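Engineer: The sequence and its predicted three-dimensional model are supplied below.
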Amino acid sequence: MESGKVELTVGLRNFAPAPPGDWRHLLDQARAADAAGIDRVFVSDHVAFGRDLGSYADPSRGGVAGGRQPTGPDGDWLEALTVLTAMAAVTSRVRLATNVLVAPLRPAVVLAKTAATIDVLSAGRFELGVGVGWQQAEYRAAGVDFARCGRLLDQTLEACRGPPTHALRHRLGSLGHHACRVRRRRRGHARTRQGRGR
């Protein structure tokens with residue numbers, strides 16, 4: 001962002017308390033944001049939920065004081081990276097972001113490759129915001145040890161951090177040069193910016 005320039009970011013709801021029947025409204029919203037000059041759209045991420053949603057409002061467990069989970073445990077959540085890929089296909093200017101992707105639920109090198117692919121397909125418009133999440137049940141559902149979430153996030157950041165090492169380039173293939181730059185945000189979260197020279 002240029003110094004002094006105000007940017008407008010809009011969150012698009014890739015989740016619903018009950019199935020909406022048709023999710024293509026998200027693509028319509030992305031097109032409208034692109035046409036209206038919105039700078040960035042973001043979507044949220046959850047893979048699975050347990051029944052206990054109380055941690056969402058518990059800062060000592062990663063939640064936000066007074067926060068309320070926007071869906072119940074049976075709510076529908078579309079996978080964030082897939083949604084952004086579809087949005088990239090129907091837009092040409094608006095930046096596409098995650099806020100915040102629960103990165104430790106995905107293998108680090110696979111996530112780095114996926115992020116680089118989205119960045120290439122979107123012509124450098126992808127921004128990857130990552131964090132560890134708050135619900136242990138989500139980690140259990142994914143077969144990932146919640147106690148290791150910080151270490152797993154570090155591995156993800158290392159896989160995304162640019163410029164990639166020779167070994168990472170080898171694992172990522174020709175997309176290895178599309179590494180993320182990492183900026184620290186609030187406690188426990190990091191924002192990465194996908195793409196070359198950013």
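Structural biologist: Great, that's in hand. Numbers count the residues shown, from 1 in each chain.

Engineer: Which parts of the chain are helices?
Structural biologist: Counting by DSSP state H, one finds helices in the chain at the ranges 25-36, 80-90, 108-121, 136-142, 149-160, 166-172.

Engineer: shaky segments in this protein?
Structural biologist: Residues of the chain meeting the criterion pLDDT under 70: 1-2, 62, 162-198.

Engineer: and residue 16, what does it touch?
Structural biologist: When the contact criterion is C-beta atoms under 8 Å, 6 or more residues apart in numbering, the partners of residue 16 are 71, 75-76. Any C-beta I mention is one placed from the backbone N, CA and C, and that applies to glycine too.

Engineer: For the closest residue to residue 91 other than its chain neighbours, grab the count of nearby residues.
Structural biologist: With sequence-adjacent residues excluded and distances taken as C-beta to C-beta, 6 or more residues apart in numbering, residue 91 is closest to residue 34, at 4.0 Å. As a burial measure, the neighbour count of residue 34 was computed by other C-beta atoms under 10 Å and equals 19.

Engineer: So residue 34 sits against residue 93, correct?
Structural biologist: Yes: under the criterion of C-beta atoms under 8 Å, residue 34 lies in contact with residue 93, with a separation of 5.4 Å.

Engineer: For the spatially closest residue to residue 72 that is not a sequence neighbour, give me its contacts.
Structural biologist: Residue nearest to residue 72 in three dimensions, not counting chain neighbours: residue 17, with 6.2 Å by C-beta to C-beta, 6+ apart. Residue 17 makes contact with 70-72, 75-76 under the criterion C-beta under 8 Å, 6+ apart.
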